[in-house]
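Colleague: below are the sequence and a predicted model for it; my questions follow.
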Amino acid sequence: MQASRQPLETMNTDEQLVLAFQGGSREAFEELFERYREPVYRFFRRRLGHPGRAEELGQECFLALLQNVARYEPRASFRSYLYGIAMNLVFAERRKAGREVSENEKLDERVDGGSGQATDTGILVREALGQLQNDEREILMLREYEQLSYQEIGVLMRVPVNTVRSRLFRARMAMKEQLVAIKDGD
Amino acid sequence: MDRSLQHAFDAEEVMAYLDGELEPQRAARLASHLEHCAECQGIAREMRTVSGRMLNFEIEPMPERVTAAVVAELNSPTKPEPVKVPDVRRKMWAKWHELAANRKVWGFAAAFAVVAMAIAIGSVSNLRRSREAANLVSGRVSELSAPAPQHQQAAGGGYKSWLQKDAAELQASQQALMSESVMNTVQRAEPAPPAGPPPAPPEEKLQSPDQVGPMIVQTASLSIVARNYDEASEAIGKLAKARGGYVEKLDAKAQTGSARELSIALRVPAKQLDGFLEDLRQLGHVEQESQSNEEVSAEYVDLQARLRSAQATERRLIELLATRTGRLEDVLDVERELARVRGEIESMQGQSNLLLHRVNYATVQVELSEVYHERLQLGISTGTKLRNALVEGIHNLEDGIVGALVFVLDEGPAILFWLAVLGLPVWLIWHRRRARLAAKG
């Protein structure tokens, strides 16, 4: 394949790497994996709370990428594509486990809180996030943690950019109030 | 009160500006507005605080076993096993298998397939004609967009080969346009972006408060009653200049019947603030003095992080333009995005410089006033009063004469007319009576 013979140094963009991987370049996938392994893990870890499940879903996400890479078309950014897979896995996970997952998450949060991984402020932030509405929390997290643009968030959440902006604003205001309320409550 | 009545920018726009999601022109206007509007600054500060605090939700590094599992799948000679599908999908597959096992379903499916094929055969010719027309238009666009070689349908090549050739020409023309665009972009971008993975710009380290020390904006305010107002007012500017500072704003008042006042805003190097305040205290009696410190380390770090992120995005976009082939619309989209990101970077650099300036130069507000001595207020002299009365009298006389003349000229003719009309009969009656009495007498 033409793409696989291309030196890796010239494949700088994610999209180029995916195309090279579609052409059979193993190095291209390794490079992509290196770039996104931590962000994808953090994505699941922040949303599911359970470290073990976050690992599994992170792994599933990259395996899904491996298996479905042929379907990728460079019309959309690779980041949107990858986080789209991750988002679908999260939604599926929530639907699948329902209340069971919620209970597990509560348990895991308690475990995390005692493990020393989370700072006091980090726990406050997580509690405050938990008080937000689902769609507003998701948009806020996609912006703050995944650093996605309004456009990319709109594509992922299937809402117009203006809706993303207004919900993000509401989420930030609510987050501010929640942080103050939790702090005062302590 | 509704902000929109007072502000040209709503709070959402302030947020979008901080996120780099505002159009460059609008962003530039908002940046200018933000420098002076305390309310919008407050909103921006709240947004930054929320973003800054959210970063405290940290996650431990990904366990290596995940990497090992993915690499193992990558090394596997066989096709990786399918990703576990959620239960919902699994149920759908089970239902599908149940249907597939039913012969009646197969019978209906076969009948449906026959009908569908008949319809499809009828519509293929129409579809082909419409696609040929579309590709002809596409070919024309290609010719107009770039000096691509004119396409000629290969003899005996068939529809498919003609289509492929046309698509290749269209792509060639787009690449030519894009290359030109990339050259322009790279020439504008100084220095040239380094090659390599975009998420890790090594040349710029994020400055944390620990590395740069606490960043504090210092503000001081003094109210001084000067012993010698003139000397003190001159000395303030000189003292500031001597310590490397400057006068930012000056407002002097000298109203009759009250003490002179000087309100002056100065900027002096933060390190010189204590010495400068000591100098000011020597100018007179200090009636009021206050100092405040605002730590802006978090704001600065947040700004630097966003700046770094935007610069990384800019590099990625430039690399994207330089290496990616695609539709012309995509290239133009990337160009627009690049312009937006550049506007955002410039705006953030401006904010960063402003913040550094506020930290490096303390603001000192001095209210200087003099010791006021009530002065003897001498009244107007008698001669002046008489003279004024005479002048006023002459003016009144002049006004009276002019007024009378105006009345006579204005009303005189009418009065004479009515006197003639009414007075003549009265005079005739009176004259006849008098003649009659004379005849009797």
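Modeller: That came through, no problem. Residues are numbered from 1 along each chain as shown, chains lettered A, B, ... in the order given.
Colleague: name the spans of the chain whose pLDDT lies under the cut-off.
Modeller: You didn't pick a chain, so chain A it is. Applying pLDDT under 70 to chain A flags the ranges A:1-12, A:97-119, A:183-186.
Colleague: actually chain B
Modeller: In the predicted model, chain B carries pLDDT under 70 at residues B:1-6, B:66, B:76-108, B:114-115, B:118-213, B:256-257, B:324-326, B:372-379.
Colleague: where along the stretch 201-350 of chain B do the helices fall?
Modeller: Shown for the stretch 201-350 of chain B, the helices assigned by DSSP state H, counting those that start in this stretch span residues B:209-212, B:229-242, B:273-281, B:297-323, B:328-360.
Colleague: do the same with chain A
Modeller: Taking DSSP state H, the helices of chain A run over residues A:2-5, A:14-22, A:26-48, A:51-68, A:78-97, A:99-115, A:120-130, A:134-144, A:150-157, A:161-185.
Colleague: buried set for the third one?
Modeller: Neighbour counts using 16 or more other C-beta atoms under 10 Å in any protein chain shown place A:28-33, A:35-37, A:39-48 of helix A:26-48 among the buried residues. For glycine as for every other residue, the C-beta is placed from the backbone atoms N, C-alpha and C.
Colleague: ok so, going back, which of the helices of chain A sits most buried?
Modeller: helix A:14-22 (a mean of 23; mean count of other C-beta atoms under 10 Å in any protein chain shown).
Colleague: okay, the angle between it and helix A:51-68?
Modeller: Relative orientation of helix A:14-22 and helix A:51-68, computed by axes from the mean of the first three to the mean of the last three C-alpha atoms, to 10 degrees: 70 degrees.
Colleague: show me what helix A:14-22 packs onto, helices and strands only.
Modeller: Applying 3 or more C-beta pairs under 8 Å, 6 or more residues apart in numbering or on different chains; DSSP states H and E, one finds that helix A:14-22 makes contact with helix A:2-5, helix A:26-48, helix A:78-97.
Colleague: center of chain A, which residue is that?
Modeller: Taking C-alpha atoms, centre = their mean, the centroid of chain A lies closest to residue A:43, which sits 3.3 Å from it.
Colleague: my guess is that residue contacts residue A:86. True?
Modeller: Yes: using C-beta atoms under 8 Å, residue A:43 makes contact with residue A:86 at a distance of 5.3 Å.
Colleague: and the strands in chain B, which stretches?
Modeller: For chain B, strands defined by DSSP state E occupy the ranges B:216-226, B:246-253, B:261-269, B:284-295, B:361-370.
Colleague: now for those strands, which one comes closest to chain A?
Modeller: Closest approach to chain A among the strands of chain B (C-beta to the nearest C-beta): strand B:284-295, 16.7 Å.
Colleague: any idea which of the helices of the stretch 201-350 of chain B gets closest to chain A?
Modeller: Taking C-beta to the nearest C-beta, helix B:297-323 is the member of these nearest to chain A, at 4.6 Å.
Colleague: now do the buried residues in stretch B:24-44.
Modeller: By 16+ other C-beta under 10 Å, the buried positions in stretch B:24-44 come out as B:24, B:27, B:28, B:29, B:30, B:31, B:33, B:34, B:37, B:40, B:43, B:44.
Colleague: which one of those is nearest residue B:395?
Modeller: Nearest to residue B:395, judged by C-beta to C-beta, of the buried residues of stretch B:24-44 is residue B:37 at 55.2 Å.
Colleague: number of nearby residues for the spatially closest residue to the closest one that is not a sequence neighbour?
Modeller: The shortest distance from residue B:37 to any non-neighbouring residue, by C-beta to C-beta, 6 or more residues apart in numbering or on different chains, is to residue B:7 (7.3 Å). By other C-beta atoms under 10 Å in any protein chain shown, 16 other residues sit near residue B:7.
Colleague: so residue B:7 sits against residue B:36, correct?
Modeller: No: counting by C-beta under 8 Å, residue B:7 does not reach residue B:36; the two are 11.6 Å apart.
Colleague: picking up where we left off before, contacts only, for the residue nearest to residue B:37.
Modeller: Residue B:7 makes contacts with B:33, B:37, B:39, B:40, as judged by C-beta atoms under 8 Å, 6 or more residues apart in numbering or on different chains.
Colleague: recalculate using a threshold of 10 Å.
Modeller: Residue B:7 makes contact with B:13, B:14, B:33, B:37, B:39, B:40, B:43, according to C-beta atoms under 10 Å, 6 or more residues apart in numbering or on different chains.
Colleague: what's the separation between the second one and chain A?
Modeller: To tie it back to what came earlier, the one meant is residue B:14. Residue B:14 sits 9 Å away from chain A, going by C-beta to the nearest C-beta, to the nearest Å.
Colleague: ok, now which ones touch the closest residue to that residue other than its chain neighbours?
Modeller: Nearest non-adjacent residue to residue B:14, counting by C-beta to C-beta, 6+ apart: residue B:43, 4.8 Å away. Each residue near residue B:43 by C-beta under 10 Å, 6+ apart is listed here: A:169, A:173, B:3, B:7, B:9-15, B:18, B:34, B:37.
Colleague: got JSON lines for those, with distance to residue A:94 too?
Modeller: JSON lines is the format used below for the contacts of residue B:43 (distance: C-beta to C-beta, whole Å):
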{"residue": "A:169", "distance to residue A:94": "25"}
{"residue": "A:173", "distance to residue A:94": "25"}
{"residue": "B:3", "distance to residue A:94": "37"}
{"residue": "B:7", "distance to residue A:94": "40"}
{"residue": "B:9", "distance to residue A:94": "38"}
{"residue": "B:10", "distance to residue A:94": "34"}
{"residue": "B:11", "distance to residue A:94": "32"}
{"residue": "B:12", "distance to residue A:94": "29"}
{"residue": "B:13", "distance to residue A:94": "34"}
{"residue": "B:14", "distance to residue A:94": "33"}
{"residue": "B:15", "distance to residue A:94": "28"}
{"residue": "B:18", "distance to residue A:94": "31"}
{"residue": "B:34", "distance to residue A:94": "40"}
{"residue": "B:37", "distance to residue A:94": "42"}
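Colleague: just give me the closest of those to residue B:438.
Modeller: Nearest to residue B:438 among the contacts of residue B:43: residue B:7, at 100.3 Å, using C-beta to C-beta.
Colleague: contacts only, for residue B:224.
Modeller: Shown in contact with residue B:224 (C-beta under 10 Å, 6+ apart): B:232, B:236, B:262, B:280-289, B:366-369.
Colleague: grab the longest helix from chain B for me.
Modeller: Under DSSP H, the helix in chain B containing the largest number of residues is helix B:382-440.
Colleague: make TSV out of the helices and strands packed on helix A:14-22 and add distance to chain B.
Modeller: Converted to TSV, these look like this (distance: least, C-beta to the nearest C-beta, whole Å):
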stretch	distance to chain B
helix A:2-5	12
helix A:26-48	4
helix A:78-97	4
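Colleague: same list (these) but as CSV, adding distance to residue A:59.
Modeller: Shown next, in CSV, are the helices and strands packed on helix A:14-22 (distance: least, C-beta to C-beta, whole Å):
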stretch, distance to residue A:59
helix A:2-5, 25
helix A:26-48, 9
helix A:78-97, 10
